[in-house]
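K.L.:
Take a look and give me a structure for this.
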Amino acid sequence: MDYFFSKKHKQKKTRYIVFTTDEADGEVKQIKLNNGLYKFLVVLFCVILGAMIGFGIYEARIYDFFAKQSIEHSRTIEDLSLEKARLEIENEELGNKVKLLSETLNSKVQAENALNEEREKMHIPSEFPLTGSAQAKETDTITAIADMLFEATGAVIQHPGQAQAIGDPIVVFTAEEGSTVVASGSGTVILVDEDVNYGNQVVIDHGNGYISYYLNEGTPKVKEGDEITQGDLIYVIGSENTTLGYQIKQDSAYINPMDLISISG
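P.N.:
Modelled structure (predicted):
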């Protein structure tokens, strides 16, 4: 009974929301709230306040996360920019090195080509085969032999008119004592032996289709198998060996040596 009596006589609380202004004649408005509505509004306010606080904390964390990400991205961009600058410098240096190496290589190739051309040129028997002055007579082997026999014996050798035409071209030099016979081109000595008409013969293969022949009564200064350079000594001209017979073969056929000297020499 006491319980029901106390519930029955429990006073209800009434709450008001008052709206007023600072003005002297301002109106005062009141909103009457019963206890249930008041509790609902309090709970709603707490929920909204909690949501705002939670959202603020979330926003702060999101901001902090993106701020850290932004800092890391800035550092990454800065590092990449520095790396790019370093690579550009290295690339420029490598480009300069490549350019220098290319120029050096081109210079070496040009020098090597020039040297090879010079070597090839030196292997062509185009130089004069004697040092000092000399008289030259262009003839053929048959006529040259006849002239030599006439000078030696005084006998005139008769031969058919066609014989001179079929003789191999030869240049007979009459040199001064003290001059030397030299290689007209670089090559390999392939033969040193006696010659029935001129005393001795030296044959040089120039390795390019050319073979030169040196015929003289002097003592050869080279031997078979020697590698010689254009201008190397072959004979020394003395009082007894002033005559030099000189011949050139090109691709197994004799040519006029003076034609090669006049063209390439």
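
K.L.:
Please, where are all the strands along the stretch 51-200 of the chain?
P.N.:
134-140, 169-175, 180-182, 187-195, 199-205 (DSSP state E, counting those that start in this stretch).

K.L.:
tell me, which of the ones you listed is the model least confident about?
P.N.:
Ranked by mean pLDDT, the strands of the stretch 51-200 of the chain bottom out at strand 134-140, with a mean of 87.

K.L.:
quick one: buried residues of that strand?
P.N.:
Ala134, Ala136, Thr139, Asp140 (16 or more other C-beta atoms under 10 Å). Any C-beta I mention is one placed from the backbone N, CA and C, and that applies to glycine too.

K.L.:
and what of stretch 249-265?
P.N.:
Lys249, Tyr254, Asn256, Pro257, Met258, Leu260, Ile261.

K.L.:
between the residues you listed, which is closest to Asp193?
P.N.:
Nearest to Asp193, judged by C-beta to C-beta, of the buried residues of stretch 249-265 is Lys249 at 16.6 Å.

K.L.:
check contacts around the closest one.
P.N.:
Tyr210, Ile211, Ser212, Tyr213, Ile255 (C-beta atoms under 8 Å, 6 or more residues apart in numbering).

K.L.:
Low-confidence stretches in the stretch 51-200 of the chain?
P.N.:
148-166 (pLDDT under 70).

K.L.:
In strands, which of the buried residues of stretch 249-265 appear?
P.N.:
Lys249, Tyr254 (DSSP state E).

K.L.:
Output the buried residues of stretch 249-265 in CSV, with pLDDT and distance to His73 appended to each entry.
P.N.:
Listed next are the buried residues of stretch 249-265 as CSV, based on pLDDT from 0 to 100; distance: C-beta to C-beta, whole Å:
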residue, pLDDT, distance to His73
Lys249, 95, 84
Tyr254, 94, 88
Asn256, 92, 87
Pro257, 93, 85
Met258, 91, 87
Leu260, 87, 80
Ile261, 83, 82
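
K.L.:
Distance to Gln30 added to the buried residues of stretch 249-265, as JSON lines?
P.N.:
As requested, the buried residues of stretch 249-265 are exported to JSON lines (distance: C-beta to C-beta, whole Å):
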{"residue": "Lys249", "distance to Gln30": "139"}
{"residue": "Tyr254", "distance to Gln30": "143"}
{"residue": "Asn256", "distance to Gln30": "142"}
{"residue": "Pro257", "distance to Gln30": "141"}
{"residue": "Met258", "distance to Gln30": "142"}
{"residue": "Leu260", "distance to Gln30": "135"}
{"residue": "Ile261", "distance to Gln30": "137"}
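
K.L.:
Let me know the closest of the buried residues of stretch 249-265 to Asn197.
P.N.:
Taking the buried residues of stretch 249-265 together and measuring to Asn197 by C-beta to C-beta, the closest member is Tyr254, at 15.6 Å.

K.L.:
Got the phi and psi for the closest residue to the closest one other than its chain neighbours?
P.N.:
Residue nearest to Tyr254 in three dimensions, not counting chain neighbours: Asp168, with 4.2 Å by C-beta to C-beta, 6 or more residues apart in numbering. Asp168 adopts backbone torsions of phi -70, psi 140, taken as degrees, to the nearest 10.

K.L.:
check contacts around Asp168.
P.N.:
Asp140, Thr141, Gln247, Tyr254.

K.L.:
how about the contacts of Lys249, which pair is most distant?
P.N.:
Tyr213 and Ile255, at 11.7 Å, using C-beta to C-beta across the contacts of Lys249.

K.L.:
can you list residues touching both of the two?
P.N.:
Common neighbours of Tyr213 and Ile255 (C-beta under 8 Å, 6+ apart) are Ile248, Lys249.
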